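[1] structure here, sequence nowhere to be found:
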């Protein structure tokens, strides 16, 4: 099976072993653990390239969620479909060592929903700034998707990353982000219309919830207290000053957290 590199050991598999679902992997023959990473809104599997490079003794698998990048042909997905796809990826790698699910932003919601429904699937879950609006509503709620998915994608990127970062993208990359607009709109609908997919006390897998966004620090502090009161298996840690895209800007720190979580909770 040929692979397309993502500039590191993380490589897209061509053809994909899961049909129209684009899959990438940093394969290790005898790993300390397996990590399956799930990306958030307006993102893609290759954004975990830097993180996978710091987890050289871990087998890292990830995928483009439905409607994004190499999985666009599947069309935008629902949360239930995302959870089923995550389970398919886990079944495909057939873990031979402990399994860690890592989710960034909306990807963390997918990961937590999976472990709530299937408590034996993973030894530990690590999530970063994942939205849990039915637990505590954000002070500035996620906006409803606009009528134009391509314009919503640009607005979302400018709001979450920055105007200057958008302007530095090539025309091709800007268009690629706009083409992911329908999938982003589906994520936003899930955030604003879906009832609670699980309750915190239904999770029986150790979870480390990470956050760093100082703009929303009071919200995360309240969420931290709520999570740890509701479930002793939740451990919350503030990584002060890290931006929302910490997997891109601070992969060393996130890799360190994944390692520490595995050593403390997953063995």
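    Sure, I can see it. Note that this is a predicted model, so its numbers are computed, not measured. Numbers count the residues shown, from 1 in each chain.

[2] going forward, measure contacts between C-alpha atoms and count neighbours the same way
    Fine.

[3] list phi and psi for the residue lying closest to residue 29 once chain neighbours are set aside.
    With sequence-adjacent residues excluded and distances taken as C-alpha to C-alpha, 6 or more residues apart in numbering, residue 29 is closest to residue 59, at 7.8 Å. Backbone torsions of residue 59, given as degrees, to the nearest 10, read phi -80, psi 120.

[4] next, find the distance separating residue 59 from residue 23.
    14 Å (C-alpha to C-alpha, to the nearest Å).

[5] mind listing the strands for the stretch 101-250 of the chain?
    124-128, 207-211, 234-238 (DSSP state E, counting those that start in this stretch).

[6] would you mind giving those strands as CSV with distance to residue 95, mean pLDDT and mean neighbour count added?
    What follows is these, written out as CSV (distance: least, C-alpha to C-alpha, whole Å; pLDDT from 0 to 100; neighbours: other C-alpha atoms under 10 Å):
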stretch, distance to residue 95, mean pLDDT, mean neighbour count
strand 124-128, 13, 98, 28
strand 207-211, 19, 97, 23
strand 234-238, 24, 96, 19
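
[7] how about these in JSON lines, adding distance to residue 257?
    JSON lines is the format used below for those (distance: least, C-alpha to C-alpha, whole Å):
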{"stretch": "strand 124-128", "distance to residue 257": "8"}
{"stretch": "strand 207-211", "distance to residue 257": "9"}
{"stretch": "strand 234-238", "distance to residue 257": "9"}
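
[8] in stretch 68-88, what's buried?
    Residues of stretch 68-88 classed as buried by neighbour count (16 or more other C-alpha atoms under 10 Å): 68-72, 76-79, 82-83, 85-87.

[9] which residues sit against that stretch?
    18, 20-22, 38, 42-44, 64-67, 110-111, 113-114, 176, 180, 182-184, 186-187, 190 (C-alpha atoms under 8 Å, 6 or more residues apart in numbering).

[10] quick check: end-to-end length of that stretch?
    End-to-end distance for stretch 68-88, by C-alpha to C-alpha: 17 Å.

[11] for stretch 41-55, same thing?
    Separation of the first and last residues of stretch 41-55 by C-alpha to C-alpha is 23 Å.

[12] then stretch 157-171?
    End-to-end distance for stretch 157-171, by C-alpha to C-alpha: 14 Å.

[13] that stretch - what's its average pLDDT?
    If you average the pLDDT over stretch 157-171, you get 92.

[14] what's the distance between that stretch and the middle of its chain?
    20 Å (C-alpha atoms, centre = their mean, to the nearest Å).

[15] try stretch 24-34
    18 Å.

[16] just for this protein, where's the confidence low?
    1-8, 140-147, 194, 266-267 (pLDDT under 70).

[17] in it, which spans are helices?
    49-53, 79-93, 106-117, 149-160, 163-168, 171-179, 181-193, 217-230, 246-249, 251-265 (DSSP state H).

[18] would you turn these into a markdown table with distance to residue 237?
    A markdown table is the format used below for the helices of the chain (distance: least, C-alpha to C-alpha, whole Å):
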| stretch | distance to residue 237 |
| --- | --- |
| helix 49-53 | 19 |
| helix 79-93 | 25 |
| helix 106-117 | 15 |
| helix 149-160 | 21 |
| helix 163-168 | 28 |
| helix 171-179 | 31 |
| helix 181-193 | 23 |
| helix 217-230 | 8 |
| helix 246-249 | 14 |
| helix 251-265 | 9 |
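
[19] out of the ones you listed, which is closest to residue 134?
    Between residue 134 and the helices of the chain, the shortest gap by C-alpha to C-alpha is with helix 181-193, which sits at 9.2 Å.

[20] which neighbouring elements make contact with that closest one?
    helix 149-160 (3 or more C-alpha pairs under 8 Å, 6 or more residues apart in numbering; DSSP states H and E).

[21] buried ones in the helix it packs on?
    For helix 149-160, by 16+ other C-alpha under 10 Å, it's 149, 150, 152, 153, 154, 155, 156, 157.

[22] now the first one. Nearest residue, chain neighbours left out?
    So the one you mean is residue 149. In space, and not counting its chain neighbours, residue 149 is closest to residue 181: 4.4 Å by C-alpha to C-alpha, 6+ apart.

[23] for residue 187, what are its contacts?
    Applying C-alpha under 8 Å, 6+ apart, the residues near residue 187 are 41, 78, 79, 106.
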